[in-house]
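*Asks:* My questions are about this predicted structure, shown below with the sequence.
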Amino acid sequence: MYAWKCWRETRARFFVFLILAVAGVVFMDAAALSTDRHVAVNTAQASGGQSAARDFMIPITLGIVYALASTCACLLGASAAGGEIDAGTADFLWTRPRRRSAMNWTHWSVCVAEIAAVIFIPTMLQMAVLTGAGIAKTWSLAAATPVFVFAALPILGVTTLMTALRRSANGGLIFGLGIVLGYSGVSSFLQRFWDISLPDISSAMVGWLSGVGMARPESQVIFPWAAAIRILVLAVAFPLAAQYVLKKAEV
């Protein structure tokens, strides 16, 4: 029952981001196919056009989908159980014979499923288009759903935690988004001006998958194990911390 409540409260955001992701893929395909029709005047040029399409359509698709999925994860995290206090529904929900931890993880599971759908549907659509056009090596699009969901978990988790700490959906969204953007901005600033590299998190997984999609058969793209371990730790730590905060919270 609580899972259905979570779905009803988050479905509008889910459909907005799903439509944006699908529209972005369709728009990019239309632009690429239009360009190919002008360029491909003979068989050799058509082959070259398909090679170019493979080279840029796959990483651009991955970039669009991951950017929207990450933003979606941040907004979904702001609808976590901690926001029930701000909405005034905690008095009712938290006095029912159901543990707060169960509500926390139920909401987390619904959000993960929605993020997976936002990634899966447009990438499978793009995979079908490229396969139909005779463009091979599209398996990186098939791998995007587990990889990108995994990479988005810290974003979902930190917003969920901030919502619990702030006891407010808006407060959780502002602080969660501030942490995500702040870390990225500080990391880029230090790298640019002082050549100091902060530990990379999600972008390493995205870069790895894009690199695999563009790599030639003779090349090798190394999996970012260090970033994957950091993501795993944060993906577990943030929801557990939110569970602890909710357990101690008073309504």
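*Replies:* Arrived safely, thanks for sending.
*Asks:* C-alpha only now, for contacts and for neighbours.
*Replies:* Will do.
*Asks:* And for stretch 104-113, what's in contact with it?
*Replies:* 2-3, 6-7, 73, 76-77, 80-81, 149, 153, 239, 242-243 (Cα atoms under 8 Å, 6 or more residues apart in numbering).
*Asks:* among those residues, which ones are buried?
*Replies:* The neighbour-count test (16 or more other Cα atoms under 10 Å) marks 3, 6-7, 73, 76-77, 80-81, 149, 153, 239, 242-243 as buried among the contacts of stretch 104-113.
*Asks:* Which stretches in the stretch 101-250 of the chain count as helices?
*Replies:* Here the stretch 101-250 of the chain has its helices, by DSSP state H, counting those that start in this stretch, at 139-142, 144-166, 169-193, 202-214, 225-248.
*Asks:* Highest average neighbour count across the ones you listed: which stretch is it?
*Replies:* Mean neighbours per residue, mean count of other Cα atoms under 10 Å, is largest over the helices of the stretch 101-250 of the chain for helix 144-166, with a mean of 25.
*Asks:* what is the rounded mean pLDDT of it?
*Replies:* Regarding helix 144-166, the rounded mean pLDDT is 92.
*Asks:* Next, the angle helix 225-248 makes with that helix.
*Replies:* Helix 144-166 runs at 40 degrees relative to helix 225-248, counting by axes from the mean of the first three to the mean of the last three Cα atoms, to 10 degrees.
*Asks:* Can you spell out which helices and strands pack onto helix 144-166?
*Replies:* Secondary-structure packing of helix 144-166 (3 or more Cα pairs under 8 Å, 6 or more residues apart in numbering; DSSP states H and E): helix 43-77, helix 100-132, helix 169-193, helix 202-214, helix 225-248.
*Asks:* Nearest to residue 140, out of the ones you listed?
*Replies:* Ranking those by distance to residue 140, with Cα to Cα as the measure, places helix 202-214 first at 5.4 Å.
*Asks:* residues in contact with the closest one?
*Replies:* By Cα under 8 Å, 6+ apart, the residues outside helix 202-214 that reach it are 54-55, 58-59, 62-63, 66, 137-140, 144, 147-148, 151-152, 220-224, 227-228, 231.
*Asks:* Would you mind putting the CA coordinates of it into PDB?
*Replies:* Extracted C-alpha coordinates of helix 202-214, given in PDB (Å, rounded to 0.1, in the frame of the first residue of the first chain):
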ATOM      1  CA  SER A 202      29.500   8.600 -10.800                       C
ATOM      2  CA  SER A 203      31.100  10.300 -13.800                       C
ATOM      3  CA  ALA A 204      33.700   7.600 -14.000                       C
ATOM      4  CA  MET A 205      31.100   4.900 -14.600                       C
ATOM      5  CA  VAL A 206      29.500   7.000 -17.300                       C
ATOM      6  CA  GLY A 207      32.800   7.700 -19.000                       C
ATOM      7  CA  TRP A 208      33.700   4.000 -18.900                       C
ATOM      8  CA  LEU A 209      30.500   2.900 -20.600                       C
ATOM      9  CA  SER A 210      30.800   5.600 -23.200                       C
ATOM     10  CA  GLY A 211      34.400   4.700 -23.800                       C
ATOM     11  CA  VAL A 212      33.400   1.000 -24.300                       C
ATOM     12  CA  GLY A 213      30.700   2.000 -26.800                       C
ATOM     13  CA  MET A 214      33.300   4.000 -28.900                       C
END
